[in-house]
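Colleague: predicted structure and sequence below. I'll ask about it afterward.
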Amino acid sequence: MSIKQILKKGVTLEQVANAFDALPYEKQVAEMRQLKKEDLIFLYNLAEGNPCTVDDDLAPKAHQGEIVYEGKSSLGGASKFKKRIFRPSANGNEVMAIGRNELALNFIIGPGYFTAMDSIVEGCAKTVIVDYEKLPEQTMEGWPTIRPNNTLLSKPAFGNMKDILWKVGSGVIVGRAHKNGKWADNFFLLCRKPAS
């Protein structure tokens, strides 16, 4: 049974997590690519409140260097993307990850750099918030130059935006964009590539 087929009323988050965990990475990504907007919304609502942390989920310490997530968005024209993430050198007691988005439109809208940190979501549990307004101070070697997310071409994609992340399963994270102080109609799913 496919992931899409089990996303029905009555399914538990644990059942969905187990279904993803039972698949090799390439199959997880293939299953993710089959999901439609309504599936992503269903999955977000199912996982909402299940905390995700930088340390345990988004950028586990066991992963050295760059961490790559394949992504599927509910945005029709830009539904296929990657998030590339790494943990910078220790910054006091602050646990954070920095990253960028990789999609076909990067040459127009820029790399969409962000900083991700554990934070409290209003009315919910503590989880990871990806903040596109807080640009990193460093990048990985070979990454594109940092560009602000509030320029004419990048602002519609990344300006005044935060992503709220919830844990689905091991290396599988669901999120929703919060833009200009309001929830956006943009849901997405991420599958983490295993450490090599």
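Modeller: That came in fine, so what should we check first?
Colleague: give the contact list for Cys100.
Modeller: Wrong residue type there; residue 100 is Arg, not Cys. 83-84, 111-114, 139, 143-144 (CB atoms under 8 Å, 6 or more residues apart in numbering). Where C-beta positions appear, they are placed from N, C-alpha and C, glycine not excepted.
Colleague: run the last query once more with 7 Å
Modeller: By CB atoms under 7 Å, 6 or more residues apart in numbering, the residues touching Arg100 are 84, 111-113, 143.
Colleague: pLDDT value on it, please?
Modeller: According to the model's per-residue confidence, Arg100 sits at a pLDDT of 95.
Colleague: how about Ala90?
Modeller: Predicted confidence (pLDDT) for Ala90: 62.
Colleague: return the distance of the helix or strand harbouring Lys72 from the chain's centre.
Modeller: Taking DSSP states H and E as the criterion, the element that holds Lys72 is strand 67-73. Here strand 67-73 shows a centroid-to-chain-centroid distance of 7 Å under the convention CA atoms, centre = their mean, to the nearest Å.
Colleague: so what strands line up beside that strand?
Modeller: Each strand pairing with strand 67-73, determined using DSSP bridges, is listed with its direction: strand 80-86 (antiparallel), strand 182-192 (antiparallel).
Colleague: out of these, which is closest to Asn18?
Modeller: Shortest separation from Asn18 across those is recorded for strand 182-192, at 15.0 Å, computed as CB to CB.
Colleague: ok so, going back, need the CA coordinates for the strand holding Lys72. CSV is fine.
Modeller: What follows is strand 67-73, C-alpha atoms only, in CSV (Å, rounded to 0.1, in the frame of the first residue of the first chain):
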residue,chain,number,x,y,z
ILE,A,67,22.4,17.5,4.9
VAL,A,68,20.1,17.2,1.9
TYR,A,69,16.3,17.0,2.0
GLU,A,70,14.3,16.3,-1.1
GLY,A,71,11.1,18.3,-0.9
LYS,A,72,7.5,18.3,-2.3
SER,A,73,5.5,21.5,-2.1
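Colleague: now do it, average pLDDT.
Modeller: 96.
Colleague: neighbouring contacts of it?
Modeller: Strand 67-73 is contacted by residues 29, 32-33, 35, 59, 79-86, 186, 188-193 when judged by CB under 7 Å, 6+ apart.
Colleague: please spell out the ChimeraX selection for the buried subset of the residues you listed.
Modeller: Listed next is the ChimeraX selection for buried residues among these, using 16 or more other CB atoms under 10 Å:
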select :29,32,35,59,79,81,82,83,84,85,86,186,188,189,190,191,192,193
